[in-house]
Each structure stands twice: as C-alpha cells, then as structure tokens.
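Asks: Below is the sequence, then the predicted model.
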Amino acid sequence: MKLIFGETSNKLGKAYKDIIGFLRFFRGNKRALFGLFLTLLFILMAVIGPYVVHLDLTTRYSERFQPPSIKHILGTDFVGRDIFAQIVHGARDVIAVAFLAALFAVAIGVVMGGFAGFVSGWVDMVLTRIIDVLLVIPSFPIMMVFAASFRVRDPISISFILAIWMWAGLARAIRAQILSLKEREFIEAAQLLGLGSRHIVLKELIPNLMSYIIVNFVRTARGALTASVGLMFLGIIPYSPTNWGVMMNLALFQTGSIYVPRGLFYTLSPMLCIILFQYGLLCVASALEEVFNPRLRAYE
Amino acid sequence: MAIPIITIKDLVVEYKVREGAIRVVDDVSLEVPKGRFTALIGESGCGKTTIVEAILNTLPPNGYIRKGEILFNGKNLLSLKEEEQRRFRWKKIATVFQAAQNSLNPIKVIGEQMVETILDHESVSKKEALKKSSNLLELVGLEPSRVVNSYPHEISGGMKQKVIIATSLLLDPEMLILDEPTTALDLITQFYLLETLGKLHKKLGITMMMVTHDVSNVARHADRVAIMYAGKIVEVGDIDEIFYNSHHPYTIGLLNSIPSIIGDLSKKKPIPGLPPSLLDPPSGCRFHPRCSYTEEVCKNIVPELKSIGNEHLTACLRWSDITTE
Amino acid sequence: MMTSITKRLLVSFVTIFLALSITFFLTRKMPGDIFYTMALDKMRTEGIPFDVAYERVMAIYGMASGEPLYKQYFAYLGNTIRGRLGTSIYYHISVNKIIAKAIPWTVFVCSISIFLGFIIGSALGTVIAWKRKTILDPLASAYASITDATPSYIIATILLVIFAVNLKWFPIKGAYSVDVTPGFNLPFIWNALYHATLPILAYTIPGIGGWILTMKASAISVLGEDYVSAAKARGLKERRIAISYVGRNAILAPFTSLAIVFGSMLGGATLIESVFAYPGMGFFFGKAIGLRDYPLMQGLFLLTIGGVILATLLADFLYAAIDPRVRKGG
Amino acid sequence: MESLVKLRDVSVTFKMGGLRKRTHVHALSDLSLCLFEHEILAIVGESGCGKSTLGRVVLGLIRPTSGEVLYMDENIWKMKWKRSQRSHSTGQIVHQDSYAALNPMRTVYQTLSAPLIHYGVKRGKSKEEVCNLLKFVGVMPPGYFLNKYPHHLSGGQRQRIVFARSIIPKPKFIVADEPVSMIDASLRLSILDLMMKLNDEMSIAFLYITHDLATARYIARRGRIAVIYLGRIIEMGKLDDVFQRPLHPYFQALLTAAPIPDPRLARKKKVLPLKSMELPSAENLPSGCSFHPRCSYAEEICTTERPILKKESGDHWVACHKVGRIPSWNHI
C-alpha cells in the first residue's frame, strides 16, 4: 500500500514538475506568454461570452453604422446591430470549428499514419497511396464542394468536412516519424526483450510522438480556422449570421459596407479578431515546439 | 629546448550555459615547441578541443576567453583584428578537423575548393593555384587528375581526409593542428593517414600539434606529449618520459587502461570513478577523488604544473612518490 | 534511369486518375441541381410541361437524364482523355475556352508573386541567419509571424479596403480596363500590371514572410555544418563563405519546394481572386462551385491536380539537376 | 561444449533501391559460424565488412537470403512460435550508441522495471529488484539514479543500464556491437570487465563485434576470434593462437596497422603487405579471393578460385591459398 502510494505521489510529483517547468518556460518567454494570453482570452470569450453579452438581431435601420460608443463598443453594422455582440457570439462557432476540426484531423491522421507506419506491408502501401491521392487534390476547392453538397448547418459537420481534407498531410508525417522511431535501437531492444506490441506502442512510441502530435494539433487548428472562415467568407456555408466569416462576406460582397467609410469597424472587427487569435495560436505553437525539443532540454 | 611556436599563458576559457559559466579550460599554460610533433591528449570534455578553438579564435558563440594570452611566434593572437585574423588562419596555422569527413563543401568540386583557398590569401593566378593543388595532392599520395574534378561524395573517406591534409599545406603554413584526424576511419586507412602525417612532418619540418583522446594513435609519430584532465594540463614532457617515466597518477592510470595487441594484459585496469563535472569540479587536485595516492593535502591545494627536470613538467603534489612501475 | 522515370510517370497518372474519379463522384453528388432551375425557366418561358423542359435542358448539355452515373463517368473519362472538357452550364461556352482564358491570369499573378517573394524572402533569410545580432532579425521575425497569422484573403481584403476603396490608387476589380485592346502592346501590359498589383501584393506579402523563415532555418542548419567552420578556418573571404558555402547550400531545399508551392497556388487562388474579382482559375472555381457548374468544376480540378503533380515531378528533377550528390549518386 | 547458435552457409544480400539504379550489396556470403555456450567470441573487421549484419542474423533480426540459422540445433526461421517468445530466453543485443538504445522519454526505473515485471517480478518488488540490478552492473548508488533520464547520465552509466536491461530475461548470449567505442578510454576496460563478469557469473556467452583489435584481445583472451573481410570469415581460432601466429595476409596487415600504446614498439619499421588502401565495394565483389586486389602475395589462383576456410592447426582456421608460403608475421 505504502509503495503504491509512493508511486502515485511520484507520478503526481513528476506531473507537477512538468507543469512547473512548462510555466517557467512561458514566464521567461514574453512572446509565448502573450500568445497564451490571447488564446485563452478568445477561448474565454467563446465559452462564457455569449452568457454575458446579449445578442439582439433586430434591425434598426436608423442606427446603422454608428461609431464605437459605450453602448456599442465596436459600433453598429449596416442594419444597426451591435458589432461587439456579434463578434462575441460568433467566436463560439469559429473556435469550436477550429478545435473540433483539428481534433478530428489529428485523430484520423494519427490512427491512419500510425497504422501505416506500424503495420507496414500492403496495408501501408494502400494507405500511403490514399494519402498521396488526397494530397494532390486541392483542398480548398474540394472543401467548397463538400460544404456546398452537404448543406452544413452545425459546427460538428463543418469540422468533419474540414478534417476529411486535412488529415492526410499529418498522417504522412506521423508515418514517417513512426518509421524512423521503429529504426531506433531502443525499439529493437524492446522487441528483443519480448515486451510486445502493446508495450511498444503505448510506452515507447506514443510518448515520443506526443509532443509532435500536440504541436500539430495547434497547427491544424490554425489551418482549420483559416479554411472555415474562408468558406464562410465566400458565402458557401451560410450557417450563422454572427460567424466572423459571414460578417466579412456581408461586408465585402453583400452590403457594400467596405465602400462606406463609417462601415470600417464592421469590416475590420472580425478580421482583427482572426488575426489576433491566429497570432496567439502561432506563438503558443512555436513555444510548444521549443519546450518539446529535446535538444533544448538537454541541459536540465 | 626548442623555441616555442605557440605559448599559452594562464588561459581561462568559459562557456555560458543555463546554470552559469562552465570553466572548460582553467588556468592553462603550455608551450608548443617549433618544428616538433606535439600531442595533446585527454578524454572527452577535458577541454582539449577548446584550446584549439581558442588558438584559432573559433570558439562557439557561448564561449569566451576570460583571461590569459596566446602568443604565436611572440605575437599575441588575441589582439588580432578580424581581417588580420582571417589572413592569419591557414597561412600560419592550418587545421585538420575532427569531423573532416564533412569539412568539404558538398556542392563544389575539390579542385575549386583548393584553388579558392589559395586565391583568398595570395595573389597568384588560377592556373598556378591549380598547379600547386595538384602537386600537394600528389604529395599525399592521391592522383590529382582523379580527384580535382570530383565532388566530395565521389571519393572515399580516407581519400577525403588526404585531400584535407593536402589542402592544409596549400599556403605553406608554419604549423598544422590536427584535431582527432583519424576518428571514424578504418584501421588501415588510419595507419596510412598517420604515416602520411609523420612523413610530412619529417620531410617539411612543419610543426604539428595533434589533439586526440587515443594514446595509441600518437605513440608512433609524436615526440612531445601534454596530458589534460578536467580543464587542466596535468603533465607535459617528451614522449618517452611520459610513457616510461611519468610522475602523474592520471597519466599512469590512463596508460594502464589502454589495452594493446601485444604485451601483458593482466596489469591493465580502468581508472576507478568518473571524470568530474566541470560545473562543479572537485577541490584541490581535480584528480584526487579517483587517485590512489590521495592524501589530505590533495583535497585542499591545487597542484601547479612545475618542472621536474628533463623538460618534464608535472602537476602532482606527490610526484616524487609516483613512478611508472 | 529510364525505369524510374517511367515508374514515376505511371504513378502520377494513376494518382491523377484516382483524384479525378474522386472529384467526379463528389461533384455529381452535389445537390442544388442547376438543371432544375433552368428547366423551371424554360417551362415558364416556353409554356411546356416541366418534365419536357427538363429533358430538353439535359439534352442541350448532353446529359440524358436517364443515363446512370457510371455511364456518365465513362463518358467523362473518354472525353477527358480526348481533351474535351465539356461545355460550361452557366457560361454556355466550352470549358477549354474558359480555362484557356483564365490560366494566363493566374499564372501571370502567381509566377510574379512567387519569384518576388522567393527572391526577397530568401535573401533576407540568409542575411538574418548570417548576421545574427542585428535589428533586422527581430523585425523580420515579427513580420513573418504576423503575416503568417493573417490568412491571405484577409490580407487581400485589407489591401482592397486601403488601396482600392479608400486611397483609390488601384482598381477594385478585374484584370484590365475595357479601353485597352488585349494583346502584346505596352498600354495593355501596363494596364494588366496595374490591375494585378494588389493581387500580387496579397500573395507576396505573406510569401516573403514564409520564405524568410524557411531560408533562415535552412541557412542556420547549414551554418552548423562542418564545411562552413572549415571554410572559416581556411580563412576564406567572408563574402565567399556567405554566398557559395552558406547561401548555395541553404537554398537547395527551399528552391525545390518552389515548384510545389507554385502547384498548390493554382488550387488555392480561389479566395484572393474572388476578393479582387480577378478572372483567373480560382475565381472561376468559386463561381463554378457556387453555381453547381460540373463541367467547369471538373475541368478546373483536372487542371489543378495536373499542375500539382507536374510541379512535384519538376521539383524532383530540379533537385537532381542542382545538387551534385543526387545528380551522380545512386 | 554445446553450441548455442550455429550459422550454416549464411548469405545476406540487401537490395539497395537508388533513384536511378538498383544494386545488390553482399553483406555476408556463405558464412558458417558457431557460438558455443558460455564463450566469448570476438568478431573483428573493418566498417562495412558485414560484422553488424552478422550480429543481427545471429539474433534473428535479419532473415538470411540463404543458409540456416540454428538455435540449439533448431532452424529459427522454421520454428512455429513467435519471435518474441523465442528470443527472450536466448539472445539480447547491446548497441554502440547507448543514448539511442534507451528511450529518451523514460527514466532508468521505467526502462528497467517494465521488462522485470514482464519476466515475473511482482510490481511491489520491482523497485527493490531494479536497485539490485543497478548495483550488480555497478551503477551506484542505485537510489540516486532511479528517476534520472538518459540524458542525465554519462555514456558509461548509460551503457551499464543497457547491460542491466539486457540481462533481465537471463539470456544465453548477448550480441555486443561495438559497446565501448563511444566510451572514454579510461573507462572502456570497466565496461569490458562488466561483460566478463556477466560471462563468469551468469554464464552468458558474448558475441563481441568490434573494429578494435586491442579490446577484442582484452575481452576474448580466453575465447575465440573470427576475422571478417567483405562478408566472409578469413581467419578464426583461439584468440591467443591467432594473435601469436596470424596466417592471413589481411589479418597480418590489420595487426601491423593497429596502433600500439608503447612508443618504442610503435616506432619500429612497419610495412603493410597491401597493394591498396581502398576497400572494394560490397556491391561488386572481386572474383576468387575477395582480398586479392589488395594482397601483396596474390597469384593467379587467388584471382580465380575462392579459398575455403580450412583448419590449419588445432582450432586455427584460415581461408588463404598461400598459407605457409607467405612470410610468418613477426611480432615486432
């Protein structure tokens, strides 16, 4: 009993140490800290924002294109609705799609790539061929086709559509990683010790891939964000009026808000949000890469 | 004793790392005699390569010289300006590196790389430069016609190493520094390479300094040896002195731990313990935790490298009690 | 030598074939049939029953409605092999013609942007890697990460809002004005460049950032190579080391990805061309999908997929051509 | 003596798929060898001679292109049960690079406890057992090292951990592929001593693969040596016999070229009986005796007929047409 307890506390201790080390790294890195702050800010906005900020979609034509004020922090749009409320409510869909799509894509990519790399033989050949074919099809147009075909209305199906065209690159990379890991001598030693595939996959391979997967998760989320907003922007998926991409579509193609100087806030607000959130994710991703790079950790 | 070509005085080199400063070379003084073949021997991480980098001013970005001076023919190298520094390199001292296998540009033919080395230092015509390159390739035993127009990947490792040696002689340098020149080479290639170097030393009278971890490699050609341990020079002397009349327990232990293809094996034994971390070196004599002669004083007093006659210097408080068998 | 090339070509053809098949079935599964709308129109204008109108519309476009999907598929394959891409449903002209008109614009804009971006970006990247401690490094890194964080279509929109709408320096849409005659004459080329400026900028601005990062990383890894420190030890002149040791080796990898970037650009131009209403392939791609114009869609897919594959092949041979290790090695 | 592993006429050919041409590399050719229980057999050769491939064939990690690999007189490539079940009780491997041989993400305790538990140690006792094991291989004090990661350890310590891991299944033999070439000179002997201790106390046979004649002589002083040239054994026998009286010109050349840590001996005149320092490519082996293009004594027969490995005296085997007719090697 004592020993079991000792072991768990060891594990807790290790986790604690890892987290502290992680935070210490962020503290010393201003850019990473800023990125983390931005990312958390937007996630917070997406999660609790809609409960705090009331969204009123009634048209008040007389109040159109008002400049920012206390009542309307970012002013009003072409039919007099509050822009800030739209941004806050739009954040949820945009961020949910980005993270779900990344989740799906990474899950499919890791399973497919891992399978191809670990099993090898004809399974590998077939999977690699599929991946190659997917990679030559231009992804954005095919996403447009998909989005237009399935009349998507909810974040989950959009994320799924994006994920279907985003996993291939990751799968190829994971396969390559596994193939190179398999060549490593500690895997050979584990095989000779007869520790079995379960041990090799769970205890030897996955821990060595984890950092790679996490970094790629953030990367894929960024790609999904760009792609999903792009689809909205082109007006292919008209699924929610407050989505940032739809706001941009309305501003640019539908209402001519960009031609009205007072409409600038409506045009720029969603774009600025996307840039800031993307920048936050970018900083977090590069910080993670540094944290996980064993060469940088060697001196610990 | 011969005139020194290089004199190192009280050299301290540090590396900045996360934990602070590591003193990789700690208060080292050394004379490299002109016209002779000196070997600097030490295990990995003892600071021997750092000394070479300090001489050539090629320390990595986090390394710096804290103190001391390095004289080349009496001239302080540390005060050279950048352009002087560049002109000095290869013209006065040429180097054959540890990882010489990769020290040729993979996308240029060998002749071009040799020629441009001459052209960047001397105002001669391309034709003359090429002629000189061919002559030197021949001198080290290569067929110039075969090598000059080859890319580095097209010739074998041993040939590449010979090309590097030929390249090192292009500007008739006064001195050649060889940093582990035979690492990763096969036994037979290694033998021929060392023979080539030994012949060049005899024929051209060029000063050689070979840095290595392997005592066996220098036994045939070197005539003077410096032994380094944990950032300090512990013993210097002519080769037979060091091998047969050493007065330092580390030297003796090191020689005893090298197996050989002939002779008695039963006396061979490893040095107990591990080399110390330079982040936190032992007090007093750095070898004391592994030394079988350790007394209380060894823990407190840092032994100085002092002459014990016969151009033999040793850094051991108890040197008079210690002899090779 | 021959066998590996033929093998590569074979694999490429199989890949094109598979990719085309996938896109064929996907596009045919799209709901929102354009024929339905057209038939409704015909019914109203000609006063005929809907079924008859539908049949006639289908007949006009050579798509007998009764024909099963697989027959359409084989017909499509057959036509494609013969180079006939069909007739656009919306524009009523052959897809070949539309593509032939659209390609030059996309290639024009993309090639200028890629070369501008590559030359500026890789030069900056090398300089930053070579001279570590200058103000240029943080500036260029900040520039690169901000442009990386900004999706290209947002850059395009911002450029449009600032330079076309507000400052009115550049036109808002189109590839050339109506008052110039297309052809090889100076006013036309000048006009085309004038129209292309903003699209080119929209590609080049993030492109430079990307190449800076790629080239910087590549050059830093080359700087760590032994042959660079050996060159320094040989006392070679700084300029020589920077250009023919670091630069030439560092550019190998990025240079070959140039072709691949070009290939993928053909497929990714939709958003930017739509923002500027620039009549290139991406613009028509967006239109075709929005209007469910299958023949046009298929034609454009064929072209971009072919482009990507061709670019990849080109990249391999390019690599073999510029790197002696690949050229002569096994 | 019982034979543990027997190779019969084993050949291994690798297909190398270049971008432009396909080549066949002959790593091993018709090689026969026997590893006996409890012995130390040193395999010596230059890089690229196939010695590492030999080690992997012996372990059953590479399937020979032709020939048989027998464990206790049973062909392993015809056995029914899975390799994982087969190998644990027989052979283990120790690599040259101890850093690559250990999972960088796992601590010393994790690395050692997993196989211990797999081989029947109770979870509760694993810590104690790991400590015992560390003590046995000379990593002291064990408690201090349990939670260290590989990058915290020195090369010698890591190599000891690798040996600790390899003895957990109580193997009959260990293939040690250049285990000390990355270890500091003053510590090399301690690792070799550890191997000899494992040989003595646990009766583990060793196949010691190296290019370093001196360490081979040190560890196999009571054992045997086999010299490999381009995938073939050219000389084999009791270590002392072979070192005292080398018969093959190639091995004579190797012995002459080997550096000696004794200046007076090292300075003696040395001439290698070689015509060329270049090793022929394993893709295109010379006809007849594959050493003939470099051999100073080669004659007509050497270029046409391949010499077979013949017993010269006692347990001393050589593959050379001119044995006895070339000068005997003079021990400096």
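Replies: Right, received. Where do you want to start?

Asks: Which parts of the chain are strands?
Replies: Chain wasn't specified; assuming chain A. Counting by DSSP state E, one finds no strands in chain A.

Asks: Chain D is the one I meant
Replies: For chain D, the strands defined by DSSP E occupy D:3-17, D:22-36, D:40-44, D:66-71, D:74-75, D:91-94, D:173-177, D:205-210, D:224-229, D:232-238, D:310-313, D:316-318.

Asks: right, so of the ones you listed, which gets closest to residue A:271?
Replies: Of all the strands of chain D, it is strand D:3-17 that lies closest to residue A:271, at 49.7 Å by CB to CB. Quick note: C-beta positions are derived from backbone N, CA and C, even for glycine.

Asks: still on that earlier bit, Throw the strands of chain D into TSV and include mean pLDDT, thanks.
Replies: Output for these, formatted as TSV (pLDDT from 0 to 100):
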stretch	mean pLDDT
strand D:3-17	85
strand D:22-36	86
strand D:40-44	94
strand D:66-71	88
strand D:74-75	80
strand D:91-94	90
strand D:173-177	93
strand D:205-210	94
strand D:224-229	94
strand D:232-238	93
strand D:310-313	87
strand D:316-318	92
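
Asks: With mean neighbour count added, can I get these in JSON lines?
Replies: Below are the strands of chain D laid out as JSON lines (neighbours: other CB atoms under 10 Å in any protein chain shown):
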{"stretch": "strand D:3-17", "mean neighbour count": "17"}
{"stretch": "strand D:22-36", "mean neighbour count": "19"}
{"stretch": "strand D:40-44", "mean neighbour count": "26"}
{"stretch": "strand D:66-71", "mean neighbour count": "18"}
{"stretch": "strand D:74-75", "mean neighbour count": "12"}
{"stretch": "strand D:91-94", "mean neighbour count": "26"}
{"stretch": "strand D:173-177", "mean neighbour count": "26"}
{"stretch": "strand D:205-210", "mean neighbour count": "25"}
{"stretch": "strand D:224-229", "mean neighbour count": "24"}
{"stretch": "strand D:232-238", "mean neighbour count": "23"}
{"stretch": "strand D:310-313", "mean neighbour count": "12"}
{"stretch": "strand D:316-318", "mean neighbour count": "22"}
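
Asks: Let's have these in CSV, adding distance to chain B.
Replies: Listed next are these as CSV, based on distance: least, CB to the nearest CB, whole Å:
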stretch, distance to chain B
strand D:3-17, 15
strand D:22-36, 16
strand D:40-44, 10
strand D:66-71, 27
strand D:74-75, 35
strand D:91-94, 18
strand D:173-177, 15
strand D:205-210, 11
strand D:224-229, 11
strand D:232-238, 14
strand D:310-313, 20
strand D:316-318, 17
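
Asks: Compare those and give me the one nearest residue A:68.
Replies: Residue A:68 sits nearest to strand D:3-17 of all the strands of chain D, at 64.9 Å, using CB to CB.

Asks: partners of that closest one, with directions?
Replies: When sheet partners are counted by DSSP bridges, strand D:3-17 sits next to strand D:22-36 (antiparallel), strand D:66-71 (antiparallel).

Asks: Can you get me a residue count around residue 126?
Replies: As the question left the chain open, I've gone with chain A. When counting by other CB atoms under 10 Å in any protein chain shown, one arrives at 11 neighbours for residue A:126.

Asks: Correction: the question concerned chain D.
Replies: A total of 18 residues lie near residue D:126 under the criterion other CB under 10 Å.

Asks: try residue B:19
Replies: Neighbourhood size, residue B:19 [other CB under 10 Å]: 10.

Asks: I'd like the strands paired with strand D:3-17 laid out as CSV, including distance to residue D:252.
Replies: Listed next are the strands paired with strand D:3-17 as CSV, based on distance: least, CB to CB, whole Å:
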stretch, distance to residue D:252
strand D:22-36, 21
strand D:66-71, 29
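
Asks: on that earlier part again, could you dump the strands of chain D into a markdown table and include distance to residue B:164?
Replies: Shown next, in a markdown table, are these (distance: least, CB to CB, whole Å):
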| stretch | distance to residue B:164 |
| --- | --- |
| strand D:3-17 | 28 |
| strand D:22-36 | 28 |
| strand D:40-44 | 28 |
| strand D:66-71 | 42 |
| strand D:74-75 | 49 |
| strand D:91-94 | 34 |
| strand D:173-177 | 29 |
| strand D:205-210 | 27 |
| strand D:224-229 | 27 |
| strand D:232-238 | 32 |
| strand D:310-313 | 42 |
| strand D:316-318 | 37 |
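
Asks: right, and those - which one's nearest residue B:183?
Replies: Among the strands of chain D, strand D:205-210 comes nearest to residue B:183, with 15.7 Å by CB to CB.

Asks: Residues contacting the closest one, please?
Replies: D:4, D:35-44, D:51-52, D:54-55, D:58, D:172-179, D:181, D:195, D:198-199, D:215-216, D:219-220, D:223 (CB atoms under 8 Å, 6 or more residues apart in numbering or on different chains).

Asks: Can I get it in CSV, CA atoms only?
Replies: Written as CSV, here are the backbone C-alpha positions of strand D:205-210 (Å, rounded to 0.1, in the frame of the first residue of the first chain):
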residue,chain,number,x,y,z
ALA,D,205,28.0,-16.1,-24.0
PHE,D,206,29.2,-13.0,-25.8
LEU,D,207,29.5,-12.2,-29.5
TYR,D,208,31.7,-9.1,-29.2
ILE,D,209,31.7,-7.2,-32.5
THR,D,210,34.4,-4.6,-33.0
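
Asks: ok and the residue in the stretch 151-300 of chain D nearest chain C?
Replies: Chain C sits closest to residue D:283 of the stretch 151-300 of chain D, with a gap of 9.1 Å, by CB to the nearest CB.

Asks: Against residue D:46, how distant is the residue nearest to that residue when sequence neighbours are not counted?
Replies: Ranked by CB to CB, 6 or more residues apart in numbering or on different chains and with sequence neighbours excluded, the top spatial neighbour of residue D:283 is residue D:23, at 4.6 Å. From residue D:23 over to residue D:46 the distance is 20 Å, taken as CB to CB, to the nearest Å.

Asks: cool, residue A:201 as well?
Replies: Distance, residue A:201 to residue D:46, using CB to CB: 38 Å.

Asks: repeat for residue C:181
Replies: From residue C:181 to residue D:46 the distance is 75 Å (CB to CB).

Asks: more neighbours, the two?
Replies: Per other CB under 10 Å, whichever of residue C:181 and residue D:46 has more neighbours is residue D:46, with 18 against 10.

Asks: What pLDDT is listed against that one?
Replies: Listed pLDDT for residue D:46 reads 86.
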